[in-house]
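Colleague: structure for this input, please:
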Amino acid sequence: MNIQNLINRLRFEIHQIFQLFNDWMNEDQVIRNFKRNNESWSIDQILEHVSLTNHYLLLLIRKGTKKALRKSREIVLEEELTGYDFHQPDLEAIGDVQSFKWKSPEHMLPVGDSRDVIVNRFNSQYEQLLDILEQLKNGEGILYKTTMSVYRLGKLDVYQYINFLVLHAKRHIEQMEMVKKKFYSQKR
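Modeller: Model prediction:
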């Protein structure tokens with residue numbers, strides 16, 4: 001895949017995901033508070049979890065961005081881009097709520113942050129992601145890899161980490177759609 005096409009695709013998906021978060025944050029409060037069962041999360045809790053997960057992923061993404069940019073000063077980027085393969089076969093499973101079970105670490109569990117806190121967090125994350133893509137606009141994001149333990153994905157470059165964040169968000173958007181569907185099916 002051409003690196004510019006990849007960056008444009010990531011930028012588009014980031015925009016799309018955060019627009020959906022905005023839509024979900026503006027969903028009726030009764031629906032956002034509904035739980036499918038006693039063990040499940042409400043939409044508000046899911047949104048908070050995603051915002052917390054994004055926060056921690058962005059720590060790694062920003063660190064990887066700095067290291068990739070530093071490394072780009074020492075090499076010929078065009079040579080590194082030759083033969084680059086963004087595709088990570090197991091990564092797509094992250095976007096599917098039915099693909100596997102994963103217990104979130106405690107620091108990514110919802111604690112009841114207010115709607116305003118979550119909205120502000122999402123807005124900041126959106127801006128950070130777009131800024132990172134701008135910093136890595138020539139393909140520098142391929143130059144640094146960090147291990148991802150979830151689903152035993154192994155080493156991911158910065159663009160793949162950003163894609164992980166997007167896919168994780170898609171997973172939870174699917175989950176929120178399931179909650180909303182259950183809400184309406186119980187109202188009949």
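Colleague: low pLDDT regions in this structure?
Modeller: With pLDDT under 70 as the threshold, the chain has low-confidence stretches at 1, 100, 188.
Colleague: what do you get if the cut-off is 80, keeping everything else the same?
Modeller: Within the chain, the ranges that satisfy pLDDT under 80 run 1, 88-93, 95-103, 105, 151-152, 187-188.
Colleague: strands of the chain, start to end?
Modeller: 145-148, 154-157 (DSSP state E).
Colleague: quick test: name the residue nearest the centre of this protein.
Modeller: The structure's the chain has its C-alpha centroid closest to Leu165; by CA atoms, centre = their mean the separation is 1.9 Å.
Colleague: residues touching the nearest residue to that one once chain neighbours are set aside, list them.
Modeller: Leaving aside its sequence neighbours, Leu165 sits nearest to Leu57 (CB to CB, 6 or more residues apart in numbering; 4.8 Å). No exception for glycine: its C-beta is placed from N, CA and C like everyone else's. Contact analysis of Leu57 by CB atoms under 8 Å, 6 or more residues apart in numbering lists 161, 164-165, 168.
Colleague: and of these, the nearest to Trp41?
Modeller: Nearest to Trp41 out of the contacts of Leu57 is His168 (CB to CB; 14.4 Å).
Colleague: residues contacting that closest one?
Modeller: For His168, counting by CB under 8 Å, 6+ apart, the contacting residues are 50, 53, 57, 94-95.
Colleague: ok, 10 Å please
Modeller: 17, 49-50, 53-54, 57, 94-95, 102, 150 (CB atoms under 10 Å, 6 or more residues apart in numbering).
Colleague: just the buried ones from those?
Modeller: 17, 49-50, 53-54, 57, 94-95 (16 or more other CB atoms under 10 Å).
Colleague: which of these fall in helices?
Modeller: Using DSSP state H to define helices, the subset of the buried ones among the contacts of His168 located there is 17, 49-50, 53-54, 57.
Colleague: adding distance to Asp90 as columns, could you present those residues in TSV?
Modeller: Compiled in TSV, these are given as follows (distance: CB to CB, whole Å):
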residue	distance to Asp90
Ile17	20
His49	22
Val50	21
Thr53	18
Asn54	21
Leu57	17
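Colleague: among the contacts of His168, which pair sits farthest apart?
Modeller: Maximum pairwise distance among the contacts of His168 (CB to CB): 18.9 Å, between Ile17 and Trp102.
Colleague: out of the contacts of Leu57, which are inside helices?
Modeller: Filtering the contacts of Leu57 for membership in helices, criterion DSSP H, returns 161, 164-165, 168.
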